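Student: Below are the sequence and a predicted model for it; my questions follow.
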Amino acid sequence: MKKLEKKIITKAIAKNSLMYGKKISNPIKIVICNNEKEWKKESKYYYFEFSIGTVLRDGTLVIKSKNFANLSNKIFENLVIHEMNHVFWIQFYKQCKPVWLFEGIATITASTNDISKAELKRLIKKYEVNHKFLDYRYLWRKFNNHELVVMKYNLWKNFILFITNRKIKKIIDFMDLYINNPT
């Protein structure tokens, strides 16, 4: 792991610890891929050619190296923060459902995929979005294009900001209560 990647991962852990108000207790397994062949092998069932990182069901963080991803430091950092949020969520809550909440919280935490409201409205119209944008179980495995990913993540992020009145800690508090007494 290169010095810059280590620094960004450390920052991602710190930012997510602050957001959740606690640290994770289990060690984090991190796999950094330097080429497409490694990325395809390591990201397994979550492979998307255009994605930068993923978290496997066992909590392993798999990311493309900064050089392989060919991103600016800031964009790469935000993507690592986003994926690290998934590591925290899985360790604390042992699930990744509903998908809109899992991805929406990570998108908020990392400020990833931000687009203007006008652009979001344009995409909603273009893709004829309906109530089904709140996917419960499965993230589409075969997105047609990156624009569709950006639209869905922004919809989920904005929906969470709306239902919490921009107080994301409400979701964390709810999940902490729910995981201890789900009935």
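Tutor: Noted; the coordinates are in hand.
Student: where does K97 fall, phi/psi-wise?
Tutor: When read as degrees, to the nearest 10, the backbone of K97 gives phi -130, psi 150.
Student: I'd like to know which elements the helix or strand of the chain with the lowest mean pLDDT is packed against.
Tutor: Using mean pLDDT, DSSP states H and E, helix 146-163 stands out as the lowest-scoring helix or strand of the chain, at a mean of 88. If you count contacts as 3 or more CB pairs under 8 Å, 6 or more residues apart in numbering; DSSP states H and E, helix 146-163 packs onto helix 99-110, helix 117-126. For glycine as for every other residue, the C-beta is placed from the backbone atoms N, C-alpha and C.
Student: Now the last one: buried residues?
Tutor: Applying a neighbour-count criterion of 16 or more other CB atoms under 10 Å, one finds L120, L123 buried in helix 117-126.
Student: any idea how far that helix is from the chain center?
Tutor: 21 Å (CA atoms, centre = their mean, to the nearest Å).
Student: avg pLDDT for it?
Tutor: Helix 117-126 shows an average pLDDT of 92 in the prediction.
Student: Could I get the full set of strands for this protein?
Tutor: With strands called from DSSP state E, the chain shows them at 30-33, 53-55, 61-64.
Student: can you tell which of the helices and strands packed on helix 146-163 is closest to I171?
Tutor: For I171, the closest of the helices and strands packed on helix 146-163 is helix 99-110, at 6.3 Å, according to CB to CB.
Student: what's the distance between A14 and D176?
Tutor: 20 Å (CB to CB, to the nearest Å).
Student: follow-up on the earlier one: which outside residues touch the least confident helix or strand of the chain?
Tutor: By CB atoms under 8 Å, 6 or more residues apart in numbering, the residues outside helix 146-163 that reach it are 50, 99-101, 103-105, 107-108, 112-115, 120, 123-124, 127, 129, 133-135, 143, 168, 171.
Student: of these, buried ones?
Tutor: In the contacts of helix 146-163, burial by neighbour count holds for 99-101, 103-105, 107-108, 112-113, 120, 123, 135, 168, 171, counting by 16+ other CB under 10 Å.
Student: Output the helices and strands packed on helix 146-163 as CSV; include the columns distance to V62.
Tutor: Output for the helices and strands packed on helix 146-163, formatted as CSV (distance: least, CB to CB, whole Å):
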stretch, distance to V62
helix 99-110, 15
helix 117-126, 28
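Student: among these, which is nearest V80?
Tutor: helix 99-110 (8.0 Å).
Student: and that closest one, what does it pack onto?
Tutor: Short answer (3+ CB pairs under 8 Å, 6+ apart): helix 99-110 packs on helix 3-20, helix 73-93, helix 146-163.
Student: Give me whichever of the ones you listed is most buried.
Tutor: Burial of those is given as mean neighbour count (mean count of other CB atoms under 10 Å); helix 73-93 ranks first at a mean of 21.
Student: Show me what that helix is packed up against.
Tutor: Partner elements for helix 73-93 (3+ CB pairs under 8 Å, 6+ apart): helix 3-20, strand 53-55, strand 61-64, helix 66-69, helix 99-110, helix 169-180.
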